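Asks: generate coordinates for the sequence data below:
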Amino acid sequence: MQLPSLTRVKAIAQHSLPAAVLAAVFLFASVPGVAGHDDDCSRRRERAEHKLHLAIVHHGLYSRQADHWRRELRETRERCQSVRRLWWDEHEHRWRRDGDRDDHEH
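Replies: Next comes the predicted model:
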């Protein structure tokens, strides 16, 4: 059995490495679009929840700043519900579509 020459191995590596990198880029670039429809809603909700938490810690539960972030959180949830037909499932802590309701919910 004869081993391939070193120059042949280098040539194959030079051509296949860029192709593999390009394939990986396309694979990972397409994932966010496929990953979920609620990424933007989740990101906005998480930001508002975080800001609300910080406002409560730094300024108090009933402060003007906490009230502001409570309104932001409520508006974010309402926007996602109306525009994207999503609703926040407090029990499962996730956004759900109108048709996602379980028949056995209580």
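
Asks: this protein: strands as residue ranges?
Replies: For the chain, applying DSSP state E gives strands covering 86-89, 94-97.

Asks: which one of those strands has the lowest average pLDDT?
Replies: Among these, strand 86-89 has the lowest mean pLDDT, at a mean of 74.

Asks: for that one, packing partners?
Replies: Using 3 or more Cβ pairs under 8 Å, 6 or more residues apart in numbering; DSSP states H and E, the elements in contact with strand 86-89 are helix 64-83, strand 94-97. Yep, even glycine has a C-beta here, placed from its N, CA and C like the rest.

Asks: confidence-wise, which of the ones you listed is weakest overall?
Replies: strand 94-97 (a mean of 78).

Asks: without its sequence neighbours, what residue ends up closest to His59?
Replies: Excluding its sequence neighbours, the residue lying closest to His59 (Cβ to Cβ, 6 or more residues apart in numbering) is Gln65, at 4.5 Å.

Asks: re the thing from before, distance to Leu52 and mean neighbour count for the strands of the chain - can I get that in TSV?
Replies: Formatted as TSV, those follow (distance: least, Cβ to Cβ, whole Å; neighbours: other Cβ atoms under 10 Å):
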stretch	distance to Leu52	mean neighbour count
strand 86-89	14	18
strand 94-97	18	15
